[in-house]
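> next comes the sequence, and after it the predicted model I'd like to discuss.
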Amino acid sequence: MALTGVLRPSFSQIRVLDMPASIEFYTKHIGFHQVTEGPDGRVYLKSADEFDHHSIVLRRADSAGIDITAFKVLEDADLDKFEKRITDYGFKVDHVAAGEQPGTGRRIGWTIASGHRIELLAHSDPSDPRPKSHNPDVWEFDPHGMRARRLDHSLLYGPEIEKNLDFFEKVLDFRCAERVDMPDGLLAIWLTTGMKAHDIAFVKYPEPNKLHHVAFELENWNDVGHAADILTRYDISVDIGPTRHGITRGQTIYFFDPSGNRCEVFAGGYTYYPDIPTRTWDETQVGKGIFYYERKMNDAFLSVVS
Amino acid sequence: MAPQRYQVTLEGHGVCNAYEGERVLVALERAQGFGQLKNLPRKLPVGCRRGGCGICRVRVLSGQYRSGPMSRAHVSEQDEAEGVVLSCCVYALSDLSLRLETPVVVNAKGERALQPV
């Protein structure tokens, strides 16, 4: 099996201003389930189509934004290997004990050049609801709301993203699937650790540690349309869409959770292989890269973050 | 019973209706669509509409309102006491007069300045 090391996004921990409204939003509308609430009040959510314990953690706070972007590695020994490589690269690594989040094994964490905290973990307990692995149905529990099948990726904003690119490629073995180069330098990168078009992306922004969006995967374009119906029916704040990205080719809607954190529903996207060249975009076509049908960025794309 | 209707004045730009229980920013977006807001330096700054991004900051010059949760990263307790709020998180309780105070990030420490008008 070729896919080893860092496998995929594991969880994102998001800050919310209003916990009950946030739980309702992510469970009733996105279509996730609440797994549990921890003793410190953090709430753990997952899709019924995910095996692992949780993929979204909500933390009540007085500002919106993201605390942690975590990835799962294949084996526990990978944590030690990556810790050495990250430390050798020059970042200080800290340790989070197993159980700090329910159902979750030990984690290592550090802060990258753009100011974001990244973590790796190797173990997550299975939790219900989850798919069967023997004679499985296409779904075990009736999909509801937007019918999100899993956490897909996140887009983070901060300075020094060229340093993030170097680090993710050299230390975590990610590949750069696509990039945008402006006359004054690198604007954005889409990084993959497997065969998805991206697992994490970064856009250059003056303030560190900002969240542009966390994305949830939908089955197809028809479900993107269904998600759009839900957004209007429940008066959820929409940024743009349904539309399509030229970059990744994903079909998409951007909208906001009750605390102003941007979410995306994302369907499609091409299959990446490590021998495929990095797709590059310049200033003349970047609008089509971001929003393929509008062919230009909207006002919010580069300025509205949490 | 029809919801109570208030007048919101956006200093230098125009007057529009806002309804009881309606986010003031949503009323301003509607007014922009009807062409009721004149001489805006740029489009009305609209972001998340849910209190997280801070782009719709306004100073309430006069009038009564209630407010919902908004990010302390963008509205400090002192701001709030002075009537500086996110227009997406306030609801008119009387006629209001507002001034746009859109912040922009100016450096890597995340320090902000008012957007030049």
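Alright, I've got the coordinates. Numbering: from 1, shown residues only, chains lettered A, B, ... in the order given.
> which one is the closest residue to chain B within the stretch 51-200 of chain A nearest to, not counting chain neighbours?
Taking CB to the nearest CB, chain B has its nearest neighbour within the stretch 51-200 of chain A at A:A64, 3.3 Å off. To be clear about C-beta, it is placed using only N, CA and C from the backbone, and glycine gets the same treatment. Computed as CB to CB, 6 or more residues apart in numbering or on different chains, the closest residue to A:A64 that is not its neighbour in sequence is B:G52, at 3.3 Å.
> if we can go back for a sec, local confidence estimate at the residue of the stretch 51-200 of chain A closest to chain B?
Residue-level confidence at A:A64 comes out at 98, pLDDT.
> what distance do you get for B:Q4 to B:Y65?
With distances defined as CB to CB, to the nearest Å, the gap from B:Q4 to B:Y65 amounts to 13 Å.
> please say which of those two ends up with more neighbours.
With neighbours defined as other CB atoms under 10 Å in any protein chain shown, B:Q4 and B:Y65 compare such that B:Y65 has more, 20 against 12.
> who does that one form a beta bridge with?
According to DSSP bridges, the residues that bridge with B:Y65 are B:A92.
> residues contacting the residue nearest to A:A64?
Counting by CB atoms under 8 Å, 6 or more residues apart in numbering or on different chains, B:G52 touches A:17, A:63-65, A:256-257, A:259-261, A:306, B:71.
> likewise for A:H213?
Residues in contact with A:H213 (CB under 8 Å, 6+ apart) are A:154-155, A:254, A:261-264.
> and it, what's its pLDDT?
According to the per-residue confidence, A:H213 scores 98 in pLDDT.
> apart from its chain neighbours, what residue comes closest to it?
Nearest residue to A:H213 in three dimensions, chain neighbours excluded: A:R262, at 3.9 Å (CB to CB, 6+ apart).
> and the furthest pair within the contacts of B:G52?
With distances taken as CB to CB, the most widely separated pair in the contacts of B:G52 is A:S63 and A:F256, at 14.8 Å.
> find me the pLDDT at whichever residue of the stretch 201-306 of chain A sits closest to chain B, would you?
Using CB to the nearest CB, the point where the stretch 201-306 of chain A gets nearest to chain B is A:G260, with a distance of 1.9 Å. Turning to A:G260, the model gives it a pLDDT of 97.
> using the three-state scheme, assign it.
coil (DSSP: H, G, I helix; E, B strand; the rest coil).
> ramachandran angles for the closest residue to it other than its chain neighbours?
Excluding its sequence neighbours, the residue lying closest to A:G260 (CB to CB, 6+ apart) is B:G52, at 1.9 Å. In this entry, B:G52 is assigned phi and psi values of phi -100, psi -30 (degrees, to the nearest 10).
> what pLDDT does B:G52 get?
Turning to B:G52, the model gives it a pLDDT of 96.
> what of the one 4 residues further on?
For B:C56, the pLDDT comes out at 94.
> helices or strands up against the host helix or strand of B:R30?
Counting by DSSP states H and E, the element that carries B:R30 is helix B:24-33. Applying 3 or more CB pairs under 8 Å, 6 or more residues apart in numbering or on different chains; DSSP states H and E, we find helix B:24-33 packed against strand B:5-10, strand B:14-19, strand B:90-92.
> swap the cut-off to 10 Å and go again
Applying 3 or more CB pairs under 10 Å, 6 or more residues apart in numbering or on different chains; DSSP states H and E, we find helix B:24-33 packed against strand B:5-10, strand B:14-19, strand B:57-62, strand B:84-86, strand B:90-92, strand B:96-100.
> pipe those into JSON lines and attach mean neighbour count per row.
Below are these laid out as JSON lines (neighbours: other CB atoms under 10 Å in any protein chain shown):
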{"stretch": "strand B:5-10", "mean neighbour count": "19"}
{"stretch": "strand B:14-19", "mean neighbour count": "18"}
{"stretch": "strand B:57-62", "mean neighbour count": "18"}
{"stretch": "strand B:84-86", "mean neighbour count": "25"}
{"stretch": "strand B:90-92", "mean neighbour count": "23"}
{"stretch": "strand B:96-100", "mean neighbour count": "20"}
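> from memory A:E50 sits against A:P126, does it?
Yes: between A:E50 and A:P126 there is a contact at 9.5 Å, judged by CB atoms under 10 Å.
> of those two, who's got more company?
Set side by side, A:E50 and A:P126 show unequal neighbour counts under other CB under 10 Å, the larger going to A:E50 at 25 against 12.
> quick one: mean pLDDT for the helix or strand A:E24 falls within?
With the criterion set as DSSP H and E, the secondary-structure element containing A:E24 is helix A:19-24. The pLDDT scores in helix A:19-24 average 98.
> same check, this time on stretch A:115-130
In this model, stretch A:115-130 has an average pLDDT of 98.
> go on, stretch A:225-239?
Taken as a whole, stretch A:225-239 carries a mean pLDDT of 98.
> list the buried residues of that stretch.
Judged by neighbour count using 16 or more other CB atoms under 10 Å in any protein chain shown, the buried positions of stretch A:225-239 are A:226-228, A:230-231, A:236-237, A:239.
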